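1. Here's my sequence, what's the structure:
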Amino acid sequence: MNRDPFQSFIDLIQFDQDIYSLKQQIAQTQDTLDKIAQEKLLLDRKREQVQQELHQAKKIVDVYELEMKTLEDQEQLKKQQLDTLKNPKDYFVLTADLETIKKKQHDLEGQIVESWHKLDQAKRALDQAAKDAEEKMRRLNGSEHEQQELLAQHTERFKRIENSRPEKLISIPDEWLEKYSVMRERISDPVVPVENDSCSACFQTIILSDLQRLRKRALLQCRNCFRFLYIPGTVEIEQGI
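-> This next block holds a predicted model:
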């Protein structure tokens, strides 16, 4: 049974619009997956940053405590020397050194307390970051899994639909297909219906003679945007463009 070329062409338009819509869904799903991957990367980087801050805080504590240990060793040595002194002049020198060491220790104690405070803050920050990251990563992994399944469904459907396109071309004149193919490469909606006696894409008013031809199911190009036009629901058939 021979199909009406006009109706076949309109069906092809709808078919291609469905394919275009499916392509957009695939692109949107992939974009969502890319955003999820970016969020996961940022989450890992944030966790690494907090870990580095903790490591740096611990390093500062270690430096200060090592410095304090060095001062304590120096103090112990000076006291031992003080016990064995016989020269009063050396006694005054050593006591002055001990006072200097004690002052350094006093100043360092404040720095140590502050560094331990910062270390404690860094530990709490890391614990909180780990909890937040675990919950957010769980949600991201769930969303990623859903989007991957959706992408697989869209991709499978696209392949299945696209493979059936050749049969949609049957009975459509080659001239129509050639012009349609050229327009389709340039814009996403190369064929549009007439609405209120105007092109529904650019709203150019259609002249009366063109409207009369369109009502006889001819396919004409808009004189402004050059998209193909048709009037939905027309009955009579006129071959050619």
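2. hmm, what's the outermost residue in this protein?
-> Within the chain, the residue lying farthest from the chain centre (C-alpha atoms, centre = their mean) is residue 86, at 77.8 Å.
3. Could you pull up phi and psi at that one?
-> For residue 86, the backbone dihedrals (degrees, to the nearest 10) come out as phi -120, psi -20.
4. Can you name the residues that contact the residue nearest in space to the middle of the chain?
-> The chain has residue 35 as the residue nearest its centroid, 2.2 Å off, counting by C-alpha atoms, centre = their mean. Shown in contact with residue 35 (C-beta atoms under 8 Å, 6 or more residues apart in numbering): no residues. All C-beta spots, glycine's among them, are computed from the backbone N, C-alpha and C.
5. and it, what element?
-> helix 5-83 (DSSP states H and E).
6. Centre of the chain to that helix, how far?
-> 14 Å (C-alpha atoms, centre = their mean, to the nearest Å).
7. elements contacting the next helix or strand after it?
-> Once the chain leaves helix 5-83, the next helix or strand it forms, by DSSP H and E, is helix 88-163. Under the contact criterion of 3 or more C-beta pairs under 8 Å, 6 or more residues apart in numbering; DSSP states H and E, helix 88-163 touches helix 5-83.
8. and the angle from the helix it packs on to helix 88-163?
-> Angle of helix 5-83 versus helix 88-163, following axes from the mean of the first three to the mean of the last three C-alpha atoms, to 10 degrees, is 170 degrees.
9. Mind listing residues that contact stretch 64-77?
-> Contacts for stretch 64-77 (C-beta under 8 Å, 6+ apart): 98, 101-102, 104-105, 108-109, 111-112, 115.
10. Make JSON lines from the residues you listed and add neighbour count and distance to residue 213 to it.
-> Below are those laid out as JSON lines (neighbours: other C-beta atoms under 10 Å; distance: C-beta to C-beta, whole Å):
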{"residue": "98", "neighbour count": "16", "distance to residue 213": "111"}
{"residue": "101", "neighbour count": "20", "distance to residue 213": "105"}
{"residue": "102", "neighbour count": "12", "distance to residue 213": "106"}
{"residue": "104", "neighbour count": "16", "distance to residue 213": "100"}
{"residue": "105", "neighbour count": "16", "distance to residue 213": "101"}
{"residue": "108", "neighbour count": "17", "distance to residue 213": "96"}
{"residue": "109", "neighbour count": "12", "distance to residue 213": "97"}
{"residue": "111", "neighbour count": "15", "distance to residue 213": "91"}
{"residue": "112", "neighbour count": "18", "distance to residue 213": "93"}
{"residue": "115", "neighbour count": "20", "distance to residue 213": "87"}
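11. In CSV: those, plus pLDDT.
-> Shown next, in CSV, are these (pLDDT from 0 to 100):
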residue, pLDDT
98, 91
101, 92
102, 93
104, 93
105, 92
108, 93
109, 93
111, 93
112, 93
115, 93
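12. Closest to residue 39 out of these?
-> Comparing those against residue 39 with C-beta to C-beta places residue 115 closest, at 33.7 Å.
13. one step back: I'd like to know how far the residue nearest to the centre of the chain sits from residue 48.
-> For residue 35, the distance to residue 48 equals 20 Å [C-beta to C-beta, to the nearest Å].
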